[in-house]
Each structure stands twice: as structure tokens, then as C-alpha cells.
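> Next input, structure requested:
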Amino acid sequence: MGSSVIHVDDLSASYQKNKVLENVQFRVEEGTLTGIVGPNGAGKSTLIKTMLGLHPILTGKVNFWGQTFKKTKKKIGYVPQRGSVDWDFPTDALDVVTMGLYGKIGWLRTPSKKDKGKAMEALDKMGMNAYAHRQISQLSGGQQQRVFLARALVQNADLYFMDEPLAGVDASTEKAIMAILQELKQQGKTVMVVHHDLQTVPEYFDHVLFLNRTVYAYGKTDDIFTKENIAKTYGGNMQWIGEGDQYVVHTTS
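As a prediction, this is how the structure comes out:
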């Protein structure tokens, strides 16, 4: 078992007076690929944002490698939901990816030829080098997602958070993204992914976190991806087909 990368202890968060996370506790080991699953409104995106200081903590604490996010943020990459990004901003794909390097080169410095080269390599890895100078508003949803993943890759982080990277993409983009995530895991990186499709969890992730305001279960997928844990997390909002735990389908809400 690897060393602990993330330690979340008694974490709670709210929007106005509505508590959306309560007593969330878990530890994540190094070199794992975790799917965060739960029904709509379960607090999955809020969990990531709260851990990364993008949403205030009500109670509890979050540590990365035993330290605060502020002290470790250069080692952490983040891919937000595509719908939360202003894709009409007048910039091209290469510039978007190069922005991933600003934490290291500084916002006031002009990116060097070497920096641009790194950004092009990341775009190439995502099959997007031919679109380097295309305005991001002119890209399809799947292409935009590939660009945003390239932006995270160019950071060369040790820990990645990705919020629904597979939502609304075509099959080839989904396959490409998952191949990259598996490669990151093989390199010893740690990846946490908000995911919506229960059917693909056993294939895609070696660990799974069941969340519905609090953590119902977390651990190796082979051990805890069971019909019982899914039912506890999703309540009555489930449909089942076939027999056994592997025949889970989408939630009804």
C-alpha cells in the first residue's frame, strides 16, 4: 500500500444555510485512480472545490501529504466541469494549455519557446495538436475537454482532481481520456474523478468513493462496489437489470 496523499477529516460545507457536505472522512493512498460517485446534488463537485480552497470549509480539515493545500498546490492539478468554463473567451487551444504552466513560470512572464513546446506535447498526447491555434469557442465539446485535460497534464502534477471529465464526450474521447488517466496511475500519480456512469466504474477505477452528503463507503472497487453500497448511497433512485451487482444501470433521477 502506498503512502497517504489525501487526508479528509470531519469535513462539512454549506451553501448559504443548506449543508451539502457533512462529516466527510476518508484517506487516499498514492498511485490510486478513484471514481467519486453519487446521485445528483450529492456534493461531489462541492467536495473537490472545498478540498481545493474554492469553496469555504464549515468544519473539519483537509491535508495533502500532511500539509495544507496552500503549501502543496503546485503539486495538484484540477480539471473543472466543462460547463463552468467561459468558452467564448478569445483565446486558442495552445494558450489555454500554456496557462497550465503559469503556476511555475509566473503570470507576469512571457512563456518561452520551451514552455510552448511542452504545451504542444500535451496537446499532441490528447490528439489535439492540429487544433493548437483554433479558437476554443470553435471546438466541439469533446475537443474542449481534451484541451482542458492537456492543460492539466502540462502541469506534471502528482495529484489530479477531475470533475466529470467524461460528461458529454463521444466514445473516442472517453477512451482517450481514460487511457491518459490509466497512464497517470501507472506513473504513480494519484487521480480522483467525479463520475456519473455506474456501469463503467468497475472497468475504469481501482478505487471508488460513494458520496451523498457524507461518505457511505470508500475503498478498492473490487471490495466495495456492491449493490448494497450503491443502494445505500442512491436510496430509491435506482433501476436494476439482470442479476448480481454488475448489472447496475443509471439512476432514475
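> use CA for all of it now, contacts and neighbours both
OK.
> all helices for the protein, in order.
Applying DSSP state H to the chain gives helices spanning 44-51, 69-72, 93-98, 102-105, 113-125, 141-153, 171-186, 201-204, 221-224, 227-234.
> what's near enough to touch the closest residue to Gln135 other than its chain neighbours?
What sits nearest to Gln135 in space, not counting adjacent residues and going by CA to CA, 6 or more residues apart in numbering, is Asp92, at 4.1 Å. Applying CA atoms under 8 Å, 6 or more residues apart in numbering, we find Asp92 in contact with Ala132, His133, Arg134, Gln135, Ile136.
> Which one of the helices of the chain lies nearest to Asp163?
helix 44-51 (6.4 Å; CA to CA).
> Check the offset of that closest one from the chain's centre.
Here helix 44-51 is found 10 Å from its chain centre; the criterion is CA atoms, centre = their mean, to the nearest Å.
> Also stretch 35-50?
Stretch 35-50 has its C-alpha centroid displaced from the chain centroid by 10 Å (CA atoms, centre = their mean).
> cool, and stretch 188-195?
On CA atoms, centre = their mean, the centre of stretch 188-195 falls 6 Å from that of its chain.
> what mean pLDDT does that stretch have?
Average pLDDT, stretch 188-195: 96.
> What of stretch 34-42?
When pLDDT is averaged along stretch 34-42, the result is 95.
> Can you mark which positions in that stretch are buried?
Buried residues in stretch 34-42, counted by 16 or more other CA atoms under 10 Å: Thr34, Gly35, Ile36, Val37, Gly38, Pro39, Ala42.
> Give me the below-cutoff pLDDT ranges for this protein.
1-2, 84-87, 102-111, 236-253 (pLDDT under 70).
> Quick check: bridge partners of the spatially most central residue of it?
The centroid of the chain falls nearest to Met162 when counting by CA atoms, centre = their mean (1.5 Å). Beta-bridge pairing of Met162 under DSSP bridges involves Val79, Val193.
> who touches it in this structure?
Met162 touches Tyr78, Val79, Pro80, Gln81, Val191, Met192, Val193, Val194, counting by CA under 8 Å, 6+ apart.
> how close does it sit to Gly53?
15 Å (CA to CA, to the nearest Å).
> and if you look at Ser3?
Counting by CA to CA - Ser3 and Gly53 are separated by 23 Å.
> Same question for His133.
With CA to CA as the criterion, His133 and Gly53 are 32 Å apart.
> ok, back up a step: same list, the contacts of Met162, but as a markdown table with neighbour count and distance to Lys113 please.
Shown next, in a markdown table, are these (neighbours: other CA atoms under 10 Å; distance: CA to CA, whole Å):
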| residue | neighbour count | distance to Lys113 |
| --- | --- | --- |
| Tyr78 | 24 | 24 |
| Val79 | 19 | 25 |
| Pro80 | 20 | 27 |
| Gln81 | 17 | 30 |
| Val191 | 25 | 29 |
| Met192 | 23 | 32 |
| Val193 | 25 | 32 |
| Val194 | 25 | 34 |
